[in-house]
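**Q** Here is my input; please provide its structure:
(chains A, B, C and D)
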There are 4 protein chains.
Amino acid sequence: MTKKIAILGASGYTGAELARIIATHPGMEIVALSGDRKAGQAMGDVFPHLRHLGLPDLQKIEEIDFSNVDLAFCALPHATSQAVIAELPRDLKIVDLSADFRLRDPAAYEKWYGKPHSALEIQKEAVYGLTEFYRDEIRGARLVAGTGCNAAAGQYAIRPLIEAGVIDFDEIVIDLKAGVSGAGRSLKENLLHAELSGGTHPYSAGGAHRHLGEFDQEFSLLAGRDVRVQFTPHLMPFNRGILATVYVRGEPAQIHAALTARYADETFLEVLPFGALPSTRSIAGSNFVHVGVIGDRLPGRAVVIVALDNLCKGSSGQAIQNANLMLGLEETEGLMLAPVFP
Amino acid sequence: MTKKIAILGASGYTGAELARIIATHPGMEIVALSGDRKAGQAMGDVFPHLRHLGLPDLQKIEEIDFSNVDLAFCALPHATSQAVIAELPRDLKIVDLSADFRLRDPAAYEKWYGKPHSALEIQKEAVYGLTEFYRDEIRGARLVAGTGCNAAAGQYAIRPLIEAGVIDFDEIVIDLKAGVSGAGRSLKENLLHAELSGGTHPYSAGGAHRHLGEFDQEFSLLAGRDVRVQFTPHLMPFNRGILATVYVRGEPAQIHAALTARYADETFLEVLPFGALPSTRSIAGSNFVHVGVIGDRLPGRAVVIVALDNLCKGSSGQAIQNANLMLGLEETEGLMLAPVFP
Amino acid sequence: MTKKIAILGASGYTGAELARIIATHPGMEIVALSGDRKAGQAMGDVFPHLRHLGLPDLQKIEEIDFSNVDLAFCALPHATSQAVIAELPRDLKIVDLSADFRLRDPAAYEKWYGKPHSALEIQKEAVYGLTEFYRDEIRGARLVAGTGCNAAAGQYAIRPLIEAGVIDFDEIVIDLKAGVSGAGRSLKENLLHAELSGGTHPYSAGGAHRHLGEFDQEFSLLAGRDVRVQFTPHLMPFNRGILATVYVRGEPAQIHAALTARYADETFLEVLPFGALPSTRSIAGSNFVHVGVIGDRLPGRAVVIVALDNLCKGSSGQAIQNANLMLGLEETEGLMLAPVFP
Amino acid sequence: MTKKIAILGASGYTGAELARIIATHPGMEIVALSGDRKAGQAMGDVFPHLRHLGLPDLQKIEEIDFSNVDLAFCALPHATSQAVIAELPRDLKIVDLSADFRLRDPAAYEKWYGKPHSALEIQKEAVYGLTEFYRDEIRGARLVAGTGCNAAAGQYAIRPLIEAGVIDFDEIVIDLKAGVSGAGRSLKENLLHAELSGGTHPYSAGGAHRHLGEFDQEFSLLAGRDVRVQFTPHLMPFNRGILATVYVRGEPAQIHAALTARYADETFLEVLPFGALPSTRSIAGSNFVHVGVIGDRLPGRAVVIVALDNLCKGSSGQAIQNANLMLGLEETEGLMLAPVFP
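**A** Residues are numbered from 1 along each chain as shown, chains lettered A, B, ... in the order given. Alright, predicted model coming up:
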């Protein structure tokens, strides 16, 4: 029997991506969509590429009857999400795509997001949503906190290397190239085509990007000590895709072996042959992750490169992968869509 | 039981698009791939976005055992295709994506393609592959000739209007905007990113584009008299999508009604409300077609706009739709993939 | 002696383009910049590409001392411009880049812009700014109304053909492809990179685009009778450039001859050899216009294609060309910048 | 009196960029253009954006009369250049834009370029063309070797820091984002729009990129000891611009001060306020370089970001700057063109 799905915040890009994937997911059916500012509109007017799906109109959240819903995706803005989720039925399964439940430490949340968390009780229930590393907890969770898209990319490169102890924990630099859809559908001057196309620039450099909160939490937990990485994101003139170029210290062959071993049984993680270099074009539109390793001419240094689709594997695809687990479906169901190239 | 599929010419974009769609098609399985210049290579090296699929390596055509093949897609260059198909088993079902079997009249073929056809006997078997208009013939065909991508876009706008007799047959102008993947993976200076991005230009203007052969053939056949359209294609700085802006004479409301009626039962054809304007972004990556109609301020004139994905509905998606019919599968099987936006 | 220039509305794209050109204009010097919402900011913060110029900070208009100004460019939004200009000194030379003073007939203004004009007295002074056709009037004008960028492109194709009487005035279709910078720096969802890149769509189709007011006025005046064209603009996924594909009826050779003759002495107008097709890439960043003519396979039909840079020749470059005339400078001074390719 | 200029290899992008800049250079005049494969063609056919300039037709090099030439720019492919220059008159001033004369050590040349140098005598004359650091030698040189575009970007970030001794010479990582025009006009599959647009990937990673030869040579010379950097270039889906994100160890404020002091009197080098981040969009189309510095949250680490236009300041603009010095012209003459944005 198909599971009944609600998407809260369906008028943004991650909401649309959820709907796109569920369109051909045999085990899920969308029964409700919310979009506060666009409540009352047809989904096909908000996103004409979904018009053939006959989706429900956008509603206000309070109009939705959750008794009929098996799982809700919350694709709401940060801070809004915690307020909304606090009002939802306590037994409703939820995958939250915002940043609100990613950080376990309330002080860390306050540091990175600038205000106290308003739903700390619920935070305690939340499981961090990096599927390949929290699979068992996710299966039994009521609330899963989707990871940051950049945070996912960095962790796919680094976690196995910390686990295997094959790199220097104090010498990690993540230079990241992020497609613009990660910034959402918000009206900002720097997101206009005329401003963004045809060039690139760094942003939130020097340690200011909020996804560092996730890196700090996860890497330190794994390492059993504080780990602090350097992280410089760059805004890219394309819509989908993240490329993380990660500079590490260690034996390149060991590094490649550690990643290969860790991901050997993972459907969505593809470790390329040693020396092969990933491209975001090869994963766009899909839930797949490409991981490459190359040794540097300087001994004891390697570069790990990860490519994933920020909207799919970095956000909505990950969310559905987690929902599959929470709902007792096959983990990969609906997610085997091949990347779209060219 | 899944049908066994061969793709001849799998190293080009339409070949890759076939493989992308078949990746999640429940009724088809790829058993052989050819790519002459790249024979011996793994498909995942030629197209890294397909590396997770575990596809067969590229072979030379003569190395393929067709006894095990239910249907072959020929995604070969024009002229090559007719030579290759002439050598294939006579009972093999074939969908040809080249231009070689589209034109029924040998003189027309020679006029538009500059040399005599070398496989006229086989040409007689071929059914023109515009599914919605040749469905019955396709179902029983051994050889289906896929349409030109631009030819498909123009026909979706105009055929129902000729059928309904609601436009002036002598006053049709097709101004078409074509994504660059339609030009294939060939190494031409004008297809380089540095040459193509950031601007647009017309090409094959004034009546020189080969897809006019299809327009002439199909519209004249429908009208029962010669119909000659004006056609100006423009090369667009994006990869996927065709937008055809078609200027016609007739009552706009009648024109909209004729299109709406004709496509009412067609899964992949979406006629927008009167006055709504399609965008290529709303169909990219999918087999859907959006059709819009608006009346002009000048009485008796209307503009019909059609958007489709040249690689999918204009080529490989159409081919699979036809193959589904030829193989006794559900026509829409594997083709319900939603468009990818943004 | 260099002329003292003020730019009102310098925080938008046409304002920035004025500053870019004047940066190497030997006869002009910028002495004041206004930008209401950004008053107080350094121009190099608003537009970092201009930071090396040491330009004055943005002010409020009322803070500018116009006694020291030889000419003001008004790059303000439509409707704002007429209110501002009404308050400026009556002897100040002005080139207005808005739509406010383009239409001579108050009823036409009200029809296309939705409200009555508030400065009709000043309107009477205004000269229409299509330099090559109003050169003498512009030389003596106090107030010049810059043309619409699309309106300029269409007129460069059609005016000489009306003058020479070589086309059918009732059969003119302009299918136009417009770079997105023409929409300005405003925060609209459809102008976001994620929405706009990778595809195209028509807008203001069917006779709704305001630049039709200019076409109607100018073509009817030239022809001595009402002329009404069809006009469909399409938004393009690139920043600079307009390509107008104009379908006309007449002898192609005569049409080419009429354009060649008319523009023989014009520095910025390049008529290509018969059959050669312009590209926006060949004029981007410059004040040059490329004009091409090709005959259609249908006798008595031709296609005229015009390419120009909407920000430069379609707006700010035109404005400086006009200002040169008004200030007694060489018409081409500062404007010989070559197009930027790739 | 204007200087007579020849451009050898005028059918590539750096050749076109030289012509673009010289178009408005008051002290230079192009008297000869070569382009072997396109000899006999009009420059306006090879590059339609230059058609208004009335340039000489392309010739074969051996057809050029150099007695009338003050300076030749060689924009030829690597290896071809040394062969051609060996045959040119010995007193002809030459700026070479290829890699052929950049490396002083013949063994280094052979290592990075895979074959012995064929013109070692001439190599000895060559001055390395990074103008701001070799100005005096360039002024008196007969042959100047233009730098690699990536090499220029990295050096603008790092040279002043080595000179000032404010960074750890063994901990330098250059993560570079390179616009595609740097790859030239060659027909390679990975440079096609359909392959390149919409994503990014690293290339020549791990220490394989030839511009490392320049980094090694120049940084070691400056430091008085071997300096070896890590360098990962990424191909970007835009045409112009390089962004170098350079990770260094040292006090951020000292680093910013060293760059600010070193470039205080340099016309084309703009050091942004501490913490401000450059964008390639702000220098595209110009000879300007933007340099930014930000401190990392990890003490003792900083990121230096450099943006320049690979075709202009990284290649043809630099070449003209050097030619100005060699010809006794003002160094900045013809080069004050403002960046083109949007």
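**Q** Briefly note if stretch A:26-46 comes near chain C.
**A** No. Applying C-beta under 8 Å from any C-beta of the partner chain, one finds stretch A:26-46 separated from chain C by no less than 10.0 Å. Backbone N, C-alpha and C define where each C-beta goes, glycine included.
**Q** cool, and stretch A:283-299?
**A** No. Applying C-beta under 8 Å from any C-beta, one finds stretch A:283-299 out of contact with chain C, separated by at least 11.0 Å.
**Q** which of the residues in that stretch are buried?
**A** A:283-296 (16 or more other C-beta atoms under 10 Å in any protein chain shown).
**Q** State the mean pLDDT of it.
**A** Per-residue pLDDT over stretch A:283-299 has a mean of 98.
**Q** Can that stretch be said to contact chain D?
**A** Yes. Against chain D, stretch A:283-299 shows contacts by C-beta under 8 Å from any C-beta at A:A284, A:I294, A:G295, A:D296, A:R297, A:L298.
**Q** where does the nearest residue to A:V69 once chain neighbours are set aside land in three-state SS?
**A** Distances taken as C-beta to C-beta, 6 or more residues apart in numbering or on different chains put A:A6 closest to A:V69, at 4.6 Å, once the chain neighbours are dropped. Assigned by DSSP: H, G, I helix; E, B strand; the rest coil, the conformation of A:A6 is strand.
**Q** Next up, the contacts around A:I242.
**A** Residues in contact with A:I242 (C-beta atoms under 8 Å, 6 or more residues apart in numbering or on different chains) are A:149-150, A:153, A:176-179, A:182, A:280, A:306-310, A:314.
**Q** how about 6 Å then?
**A** Applying C-beta atoms under 6 Å, 6 or more residues apart in numbering or on different chains to A:I242 gives the contacts A:A153, A:A178, A:L308, A:N310.
**Q** Any figure for the gap between the last one and chain B?
**A** Okay, so that is A:N310. Separation of A:N310 from chain B (C-beta to the nearest C-beta, to the nearest Å) stands at 11 Å.
**Q** Kindly provide the distance from A:Q41 to B:G292.
**A** A:Q41 sits 19 Å away from B:G292, taking C-beta to C-beta, to the nearest Å as the criterion.
**Q** For A:L55, give its distance to chain D.
**A** Relative to chain D, A:L55 is positioned 27 Å away (C-beta to the nearest C-beta).
**Q** and if you look at A:L277?
**A** Distance, A:L277 to chain D, using C-beta to the nearest C-beta: 5 Å.
**Q** before we move on, what SS does that residue have?
**A** Following three-state DSSP, we place A:L277 in the coil state.
**Q** what's the neighbour count on it?
**A** The tally of other residues near A:L277 (other C-beta atoms under 10 Å in any protein chain shown) stands at 23.
**Q** quick one, what contacts it?
**A** For A:L277, the contact set (C-beta under 6 Å, 6+ apart) comprises A:G292, D:H201, D:P202.
**Q** TSV for these, including secondary structure and distance to chain B?
**A** TSV is the format used below for the contacts of A:L277 (DSSP: H, G, I helix; E, B strand; the rest coil; distance: C-beta to the nearest C-beta, whole Å):
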residue	secondary structure	distance to chain B
A:G292	strand	10
D:H201	strand	10
D:P202	strand	14
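**Q** rewinding a little: could you list which of the buried residues of stretch A:283-299 belong to strands?
**A** Those of these mapping onto strands are A:V289, A:H290, A:V291, A:G292, A:V293, A:I294, A:G295, per DSSP state E.
**Q** Contact partners for the closest residue to chain C within the stretch 201-342 of chain A?
**A** Here the stretch 201-342 of chain A gets closest to chain C at one residue, A:N239, 5.0 Å apart by C-beta to the nearest C-beta. A:N239 is in contact with A:G179, A:V180, A:S181, B:P342, C:A194, counting by C-beta under 6 Å, 6+ apart.
**Q** Filter the residues you listed down to just the ones in strands.
**A** Using DSSP E, the subset of the contacts of A:N239 located in strands is A:G179.
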